[in-house]
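Undergrad: Sequence isn't available, so here's the structure alone:
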């Protein structure tokens, strides 16, 4: 005779609830931090599962402790259909009554604990992560790592994902904070429980955000190394079969690095791949990135067409950050396409969005755009004022490449006005960049020529204009050399 497992046993209850909730065994084991063999042992009855451990497991599946008792009642009602050992069912009336009781119980059970979609399970974990982050953000970076090290609940995949998101948000304002948060996300991923493949997937996701933070900070060689590592872990974790983490996001971040490296065909290929996997919100961000790549390829009209379509679909309900990115990128492309007047019409809306977002670096970028638009429209006093303020802000933040770029743009305007001595003063202000690690060798060599010429007051307008154009291109083309002669 087959072994009769008591219907009230924890192993049977766990098996039923996992099946009803639609959790694959390996996925649930990863979230719980178990080996898959341990969870299998619990369900087979080969390993003892206490009531306390069962309730903890059920909670991870997004169910209350009450689910244990209700499942037990359901299983007992099923068992009531079986005749006593050695006996038979006595008559159709008794059989019909038993079936009716079981159907009633099963209906109530199914109605209460119908399988939740994967998105709901993920949202439960993400809701808990938001509470955990509220606790983490109140303490220092060192204390955050200590909490992750000593407290199991902070080793959550969803918390890692949320810290990655916070890193992306910080990147719009402070590269150093973006790096700090991405480092924390990688640490959480390294400490996270679960099967090796799942942990590798999570680690690859976090490393992609670390690589992005290094890219934003201007360290493209280091970013490239981190992304190579991220890809290795991400692909190694594919067998985990867990789809909570956005592959479109990983591809988008790598595409941003390839864009900055001027590997534009590769960036477009990655973005097309990401678009085939993206949600609607992700598609908007990906199309903005695609417009940025087209801009670098000097396809301003292609970028403008993409951005006009996105801008036309904007509404007051659309995420302000997305609205800002669409309009800012559109204005920048209009300016470079020779339509500064049209770019200028977008500035009032950009000011409004910057105020809503209240991000310091957004105001710096907007002022830089305003300065360039003013210069293109012949409003020289306004242009000089804005670009001087931006130069000071970027130098204070120690963002070397952007400081160099705006300093040269400012020098062009000053030389057009014959203010040679002021160009020398600007060159002296950017000497610190020559010792920076955030500017590649060829660009440093070009800046050194500029500083020397400015010091000797031999810097010509033609030379500085060529330097400005060179720096625009060389940001994403590290091997490009500056030729003073043309």
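TA: Looks like it arrived, so ask away. Since we're looking at a predicted model, the values are computed, not measured. Numbers count the residues shown, from 1 in each chain.
Undergrad: And the helices in the stretch 201-350 of the chain, which stretches?
TA: Taking DSSP state H, counting those that start in this stretch, the helices of the stretch 201-350 of the chain run over residues 220-236, 247-260, 264-275, 280-296, 300-312, 320-336, 340-345, 347-357.
Undergrad: just the angle between the fourth one and helix 247-260, please?
TA: Here helix 280-296 runs at 10 degrees with respect to helix 247-260, directions being taken by axes from the mean of the first three to the mean of the last three C-alpha atoms, to 10 degrees.
Undergrad: domain ranges for this protein?
TA: 10-116, 398-486 (automatic domain parsing).
Undergrad: Nearest approach to residue 245 belongs to which of those domains?
TA: Of all the domains of the chain, it is domain 10-116 that lies closest to residue 245, at 12.0 Å by C-beta to C-beta. No exception for glycine: its C-beta is placed from N, CA and C like everyone else's.
Undergrad: Residue 195 versus residue 155, what's the distance?
TA: Distance of residue 155 to residue 195, given as C-beta to C-beta, to the nearest Å: 14 Å.
Undergrad: ok, now residue 229?
TA: Distance from residue 229 to residue 195, by C-beta to C-beta: 20 Å.
Undergrad: Those two - which one has more neighbours?
TA: A direct count of neighbours by other C-beta atoms under 10 Å for residue 229 and residue 195 places residue 195 higher, at 20 against 16.
Undergrad: give the contact list for that one.
TA: Contacts here follow C-beta atoms under 8 Å, 6 or more residues apart in numbering; on that basis residue 195 touches 26, 29-30, 35-36, 240.
Undergrad: Pull out the buried residues from the residues you listed.
TA: Buried by 16 or more other C-beta atoms under 10 Å: 26, 29-30, 36, 240, out of those.
Undergrad: So which residue is smack in the middle of this protein?
TA: For the chain, the residue nearest the mean C-alpha position is residue 165 (4.7 Å; C-alpha atoms, centre = their mean).
Undergrad: Which secondary structure element is home to that one?
TA: helix 157-171 (DSSP states H and E).
Undergrad: what angle separates that helix from helix 320-336?
TA: Going by the same axes, to 10 degrees, helix 157-171 makes 40 degrees with helix 320-336.
Undergrad: tell me the mean pLDDT for helix 157-171?
TA: If you average the pLDDT over helix 157-171, you get 94.
Undergrad: in the very next helix or strand once past it, what counts as buried?
TA: Next helix or strand after helix 157-171 toward the C-terminus (DSSP H and E): helix 175-191. Neighbour counts over helix 175-191 (16+ other C-beta under 10 Å) mark 175, 177-189 as buried.
Undergrad: now, among those, which is nearest to residue 365?
TA: Among these, and counting by C-beta to C-beta, the member closest to residue 365 is residue 175, at 13.2 Å.
Undergrad: okay, now the closest residue in space to that closest one that isn't next to it in sequence: neighbour count?
TA: Counting by C-beta to C-beta, 6 or more residues apart in numbering, residue 175 lies nearest to residue 217, which is 3.9 Å off, once chain neighbours are set aside. Look at residue 217: counted by other C-beta under 10 Å, it has 21 neighbours.
Undergrad: what's the answer for the one 4 residues further on, then?
TA: Residue 221 has 12 neighbours, counted by other C-beta under 10 Å.
Undergrad: Then residue 246?
TA: 17.
Undergrad: pLDDT score assigned to the residue lying closest to it once chain neighbours are set aside?
TA: By the measure of C-beta to C-beta, 6+ apart, the closest residue to residue 246 outside its immediate chain neighbours is residue 282, 6.8 Å from it. Per-residue confidence (pLDDT) for residue 282: 88.
Undergrad: do you know how far the residue nearest to residue 147 when sequence neighbours are not counted is from residue 188?
TA: Nearest in space to residue 147, with sequence neighbours left out and distances taken as C-beta to C-beta, 6+ apart, is residue 154 at 5.1 Å. Remark: distance between residue 154 and residue 188 (C-beta to C-beta) = 7 Å.
Undergrad: okay, and the common contacts of these two?
TA: With contacts defined as C-beta under 8 Å, 6+ apart, the residues shared by residue 154 and residue 188 are residue 148.
Undergrad: returning to what we had before: want to throw the buried ones among the contacts of residue 195 into JSON lines with distance to residue 393?
TA: Shown next, in JSON lines, are the buried ones among the contacts of residue 195 (distance: C-beta to C-beta, whole Å):
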{"residue": "26", "distance to residue 393": "50"}
{"residue": "29", "distance to residue 393": "50"}
{"residue": "30", "distance to residue 393": "45"}
{"residue": "36", "distance to residue 393": "53"}
{"residue": "240", "distance to residue 393": "44"}
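Undergrad: Now flag whichever of the residues you listed is closest to residue 251.
TA: Distances from residue 251 to those, taken by C-beta to C-beta, are shortest for residue 240, at 17.9 Å.
Undergrad: and residue 237, what is it in contact with?
TA: Contacts of residue 237 by C-beta under 8 Å, 6+ apart are 197-204.
Undergrad: how about the helices in the stretch 1-150 of the chain?
TA: Counting by DSSP H, counting those that start in this stretch, the helices of the stretch 1-150 of the chain are 10-21, 25-32, 36-44, 51-60, 66-79, 92-112, 118-136, 141-150.
Undergrad: closest to residue 372 out of these?
TA: helix 141-150 (36.2 Å).
Undergrad: Just the buried positions in that closest one, please.
TA: 144-145, 148.
Undergrad: between these, which is nearest residue 298?
TA: Looking across those and measuring by C-beta to C-beta, the closest to residue 298 is residue 144, at 43.8 Å.
Undergrad: Need the per-residue pLDDT for the nearest residue to the closest one once chain neighbours are set aside.
TA: Sequence neighbours aside, residue 136 is the residue nearest to residue 144 in space, at 5.0 Å (criterion: C-beta to C-beta, 6+ apart). Per-residue confidence (pLDDT) for residue 136: 93.
Undergrad: Distance check, residue 136 against residue 271.
TA: Residue 136 sits 32 Å away from residue 271, going by C-beta to C-beta.
Undergrad: Among these two, which residue is more densely surrounded?
TA: Of the pair residue 136 and residue 271, residue 271 is the one with more neighbours under other C-beta under 10 Å, namely 25 against 22.
Undergrad: low-confidence ranges in the chain?
TA: Where the chain drops to pLDDT under 70, the residues are 1-8, 21-22, 62, 64, 77-121, 242, 313-318, 476, 478, 484-486.
Undergrad: Count the residues that sit near residue 348.
TA: So residue 348, with other C-beta under 10 Å, has 9 neighbours.
Undergrad: who touches it in this structure?
TA: Contacts of residue 348 by C-beta under 8 Å, 6+ apart: none found.
Undergrad: In TSV: the helices of the stretch 1-150 of the chain, plus distance to residue 159.
TA: Below are the helices of the stretch 1-150 of the chain laid out as TSV (distance: least, C-beta to C-beta, whole Å):
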stretch	distance to residue 159
helix 10-21	22
helix 25-32	12
helix 36-44	22
helix 51-60	14
helix 66-79	25
helix 92-112	29
helix 118-136	4
helix 141-150	8
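Undergrad: got the angle for the helix holding residue 165 vs helix 141-150?
TA: Helix 157-171 runs at 160 degrees relative to helix 141-150, counting by the same axes, to 10 degrees.
Undergrad: Helix 157-171 vs helix 347-357, what angle?
TA: 140 degrees.
Undergrad: Which parts of helix 157-171 count as buried, going by neighbours?
TA: Within helix 157-171, the residues that count as buried by 16+ other C-beta under 10 Å are 157-168, 170-171.
Undergrad: Ok, stretch 150-157 next?
TA: 154-157.
Undergrad: Kindly report the same for stretch 462-477.
TA: Result for stretch 462-477 [16+ other C-beta under 10 Å]: buried residues 463-468, 470-471, 474-477.
Undergrad: Thanks a lot, see you next time.
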